[in-house]
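Engineer: sequence first, predicted coordinates after that:
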Amino acid sequence: MLLKRFLTGTALAVTAMSAQAAELKFANFTPPFHTINASVIETLNEAVSSATGGELTVRGYHGGELGAGPAEQYVRVVQGVADMAWGLPGYTSSQFPKTMIAELPTTLTLDQPGYEALWNAYSELESEFPRTKPLALWTSEPNIFIMKDHEIRTPEDLSGLKVRVAGSTSADVAEALGATPVQMPINQVYNAMQTGLIDGVITGASTLSDFKLDEVANSYTLGANLGRLVFYTVMTQSTFDNLPEEHRAAIEEASGMPLSQSAEDAWNATADAALQAAREAGDNTIVELSEDEAQAFNDAVAEVTEAYVERVGGQAAYDAMQNAGGEGS
């Protein structure tokens, strides 16, 4: 009888511990060496695990293990296939019309922190993230031209070229510059550039290492304000709401501005290292535009930003992004 009571008590204790412990599934459509892993997934796991004594953890499921396709990441969180995921609003542009303002040329200066701008405008953007809790919002490093066998020094150099873009806003930019935009996920760009389906891409230099585009590109143009990419990490709202109070508090503490800055700083560091490697390789053309040369590109795309902001009724969001610089919201 004593043994039975002991075993029963032990089983109840184990059951109670199991009920307290929780692992949150983080869907990652990229390989584990991608910048997102260390800067967001592992950072988030370390923070919440430490704060909860290991009762709450975050596990990355990499390479599309929870479902392939970068554009479907948000839906997977809403449907509960994953508890968390990261993605690009540009892949489903129509859902994020005001969030996409941060991607446009001249919304942000080349050295302005994008995560501050996004959180400062969050009250205008919140409705674009239904049924989820945004944990991080950030931007990439400023976009550059990454080309194969084409040197871009003036807008005219883009005439007739096929350039990959991430979403509708960057497509407008490409068209304003005379290029033909081709929209596709970033993980398809390597093959598309290698086979000549596209001539290049407008994106950040971090892709040179994160997606190995340095192996197929050989010309890079820096200095024009071509906008950036926007990223999110979201969590299923119902999953968050059903966690114990101390677990919710741990996630709140670890997310928001700190996690967003971790991601953006990492993107910038990856981009800087990738560009340095491209310079040192000796077989690439690096075009660094002068101020006057860069202005020609800025002038060509200026109306794109103005027209888009007006079309989506985003003046308040645009102003908040431009006026960011404090603690944000």
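Structural biologist: That came through fine. Values in this document were obtained by computation on a predicted structure and should not be read as measured data.
Engineer: skip the chain neighbours and tell me the closest residue to residue 40.
Structural biologist: residue 263 (5.2 Å; C-beta to C-beta, 6 or more residues apart in numbering). Where you see a C-beta, it was placed from the backbone N, CA and C, and this is true even at glycine.
Engineer: let me redo that: residue 110
Structural biologist: Spatial nearest neighbour of residue 110, chain neighbours left out: residue 142 (5.0 Å); criterion: C-beta to C-beta, 6+ apart.
Engineer: part of a strand, is the one you found?
Structural biologist: No - going by DSSP: H, G, I helix; E, B strand; the rest coil, the assignment for residue 142 is coil, not a strand.
Engineer: neighbours of it, just the number please.
Structural biologist: Counted by other C-beta atoms under 10 Å, the residues lying close to residue 142 total 24.
Engineer: how about residue 71?
Structural biologist: For residue 71, the neighbour count with other C-beta under 10 Å is 13.
Engineer: so it, which of the three states?
Structural biologist: Judged by three-state DSSP, the three-state class of residue 71 is helix.
Engineer: confidence score at the residue nearest to residue 110?
Structural biologist: Residue 142 is assigned a predicted lDDT (pLDDT) of 95.
Engineer: thinking again about what came up before, I figured the residue nearest to residue 40 hits residue 232, correct?
Structural biologist: No - counting by C-beta atoms under 8 Å, residue 263 sits too far from residue 232 to count as a contact (9.9 Å).
Engineer: where's the residue nearest to residue 40, which helix or strand?
Structural biologist: Per DSSP states H and E, residue 263 falls inside helix 257-281.
Engineer: can you report how many residues neighbour residue 237?
Structural biologist: Residue 237 is flanked by 16 other residues according to other C-beta under 10 Å.
Engineer: and it, what's its pLDDT?
Structural biologist: We have a pLDDT of 98 for residue 237.
Engineer: got the contact list for it?
Structural biologist: Neighbouring residues of residue 237 by C-beta atoms under 8 Å, 6 or more residues apart in numbering: 131-133.
Engineer: any chance of those residues in CSV, with pLDDT too?
Structural biologist: Shown next, in CSV, are the contacts of residue 237 (pLDDT from 0 to 100):
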residue, pLDDT
131, 98
132, 98
133, 98
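Engineer: what's the closest of these to residue 120?
Structural biologist: In terms of C-beta to C-beta, no member of the contacts of residue 237 lies closer to residue 120 than residue 133, at 18.5 Å.
Engineer: which SSE is that closest one in?
Structural biologist: strand 132-139.
Engineer: elements contacting that strand?
Structural biologist: Strand 132-139 makes packing contacts with helix 73-79, helix 114-120, helix 122-125, strand 230-236, helix 237-241, helix 257-281 when contacts are defined by 3 or more C-beta pairs under 8 Å, 6 or more residues apart in numbering; DSSP states H and E.
Engineer: now the third one: mean pLDDT?
Structural biologist: If I follow you right, that is helix 122-125. 98.
Engineer: what residues sit buried inside that helix?
Structural biologist: 122, 124-125 (16 or more other C-beta atoms under 10 Å).
Engineer: now swap in stretch 97-106 and tell me
Structural biologist: 97-105.
Engineer: and those, which of them are in strands?
Structural biologist: Judged by DSSP state E, strands contain none of these.
Engineer: how close does the most centrally placed residue in the chain get to residue 107?
Structural biologist: Nearest residue to the geometric centre of the chain (C-alpha atoms, centre = their mean): residue 231, 2.5 Å. Distance, residue 231 to residue 107, using C-beta to C-beta, to the nearest Å: 15 Å.
Engineer: now do residue 291
Structural biologist: Relative to residue 107, residue 291 is positioned 20 Å away (C-beta to C-beta).
Engineer: those two: which is more packed in?
Structural biologist: The residue with more neighbours, out of residue 291 and residue 107, is residue 107; 25 against 8, by other C-beta under 10 Å.
Engineer: how about the more buried one, secondary structure?
Structural biologist: Look at residue 107: counting by three-state DSSP, its state is coil.
Engineer: any chance of the backbone angles for it?
Structural biologist: When read as degrees, to the nearest 10, the backbone of residue 107 gives phi -60, psi -50.
Engineer: contact partners for it?
Structural biologist: 101, 117, 227, 305, 318, 321-322.
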